[in-house]
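*Asks:* sequence isn't available, so here's the structure alone:
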């Protein structure tokens, strides 16, 4: 099985491409790093047979000293995650704003970033029901989930990640989920929005698939529960966070223009609204952590 091992998690927090949605530490949060880092993450690619259903697997582990917490901030990807933890498993949709989780003590999780349109197939629920979740949606009604994900949890807890992935894929393959043409179209749209830096307007995204804007909006709402405008802005904010945290971050006015904002003021306002700090403050904090 192909295995995409990320570097230590503290490096992904400063914008490594495989975790571009994971933000640098918030102001005042102690930097993490080095071989003794209490927080780490590995990633695994899915088998080719499941590539239409699964984008990748992510497995964080943490061991924090008593009394210490770390808040992980995330500009989440537009699809849903299936997350297995010691207490059970659930599907979590994307947060419209900034997602976060505070970690304490010791623990682990086995995460699966699902491809667009897969979570509604798995749960039999509309995509809009997954967006901005207060709590995860359990998988109690999905055939074989309790037993299979129990095995995934046991393998993850034992640090046998290859076995955990194999157990998950055995169960997930047996479900026979088959994305339709609309889901495949939205997957291509998501990939374009993520990777094409010149794509800053909804009309451009529609044109990339030969769609009208109304058709585009309907597809994205049905498959993701989101809007095309949100999709483009989310990837541009992820791009901004990655660039700001890099060692050679560009001037803010230049970055705003590259990302399609009318001017630096509009970029600063949106970044601060979603992330909670200005682009300049974020860049300074990221440099300090690095």
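*Replies:* Looks like it came in fine. Here the structure is a predicted model, which means the values were calculated and not measured.

*Asks:* tell me the contacts of residue 62?
*Replies:* Counting by Cβ atoms under 8 Å, 6 or more residues apart in numbering, residue 62 touches 38-40, 70, 103, 105-108. Bear in mind the C-beta positions are built from the backbone N, C-alpha and C, glycine included.

*Asks:* nope, residue 133 is what I meant
*Replies:* Applying Cβ under 8 Å, 6+ apart to residue 133 gives the contacts 92-93, 95.

*Asks:* now with 6 Å, please.
*Replies:* Contacts for residue 133 (Cβ atoms under 6 Å, 6 or more residues apart in numbering) come out as 92-93.

*Asks:* can you check the one 3 residues further on too?
*Replies:* In this structure, residue 136 makes contact with 90, 92, judged by Cβ under 6 Å, 6+ apart.

*Asks:* begin at 361 from here
*Replies:* Fine by me, first position is 361 from now on; the one you just mentioned is residue 496.

*Asks:* circling back: give me the subset of the contacts of residue 422 lying in strands.
*Replies:* Judged by DSSP state E, strands contain the following of the contacts of residue 422: 399-400, 430, 463, 466-468.

*Asks:* pLDDT weak spots in the stretch 511-650 of the chain?
*Replies:* By pLDDT under 70, the weakly predicted segments of the stretch 511-650 of the chain are 649-650.

*Asks:* let's see 90
*Replies:* By pLDDT under 90, the weakly predicted segments of the stretch 511-650 of the chain are 554-560, 602, 605-610, 618-622, 644-650.

*Asks:* those strands in it, which residues are they?
*Replies:* Taking DSSP state E, counting those that start in this stretch to define them, one finds no strands in the stretch 511-650 of the chain.

*Asks:* could I get the full set of helices for it?
*Replies:* 521-534, 541-555, 562-568, 573-584, 588-604, 612-618, 624-635, 639-649 (DSSP state H, counting those that start in this stretch).

*Asks:* winner for burial among those helices?
*Replies:* Among the helices of the stretch 511-650 of the chain, helix 588-604 has the highest mean neighbour count (mean count of other Cβ atoms under 10 Å), at a mean of 22.

*Asks:* ok so, going back, export the helices of the stretch 511-650 of the chain to a markdown table and tack on distance to residue 476?
*Replies:* Compiled in a markdown table, these are given as follows (distance: least, Cβ to Cβ, whole Å):
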| stretch | distance to residue 476 |
| --- | --- |
| helix 521-534 | 16 |
| helix 541-555 | 5 |
| helix 562-568 | 14 |
| helix 573-584 | 5 |
| helix 588-604 | 10 |
| helix 612-618 | 26 |
| helix 624-635 | 21 |
| helix 639-649 | 28 |
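
*Asks:* so for residue 408, which of these sits nearest?
*Replies:* Judged by Cβ to Cβ, the one of the helices of the stretch 511-650 of the chain that comes nearest to residue 408 is helix 521-534, at 10.9 Å.

*Asks:* buried residues in the longest strand seen in the chain, which are they?
*Replies:* Ranked by number of residues, the top strand in the chain under DSSP E is strand 414-423. Burial within strand 414-423, assessed by neighbour count using 16 or more other Cβ atoms under 10 Å, is assigned to 414-415, 417-422.

*Asks:* for those residues, which one is nearest residue 592?
*Replies:* Nearest member of those to residue 592, counting by Cβ to Cβ, is residue 415, at 18.6 Å.

*Asks:* and the strands in the stretch 361-510 of the chain?
*Replies:* Secondary structure of the stretch 361-510 of the chain (DSSP E, counting those that start in this stretch): strands at 399-404, 414-423, 429-434, 441-445, 448-452, 459-464, 466-468, 470-474, 497-498.

*Asks:* between those, which one is nearest to residue 603?
*Replies:* Of all the strands of the stretch 361-510 of the chain, strand 429-434 sits nearest to residue 603, with 16.8 Å by Cβ to Cβ.

*Asks:* and that closest one with strand 414-423, angle?
*Replies:* 170 degrees (axes from the mean of the first three to the mean of the last three Cα atoms, to 10 degrees).

*Asks:* who touches strand 429-434?
*Replies:* Strand 429-434 is contacted by residues 381-383, 458-464 when judged by Cβ under 6 Å, 6+ apart.

*Asks:* so how far is that strand off the chain centroid?
*Replies:* Chain-centre distance of strand 429-434: 14 Å, with Cα atoms, centre = their mean, to the nearest Å.

*Asks:* quick one: that strand to strand 399-404, angle?
*Replies:* Orientation check (the same axes, to 10 degrees): strand 429-434 against strand 399-404 gives 40 degrees.
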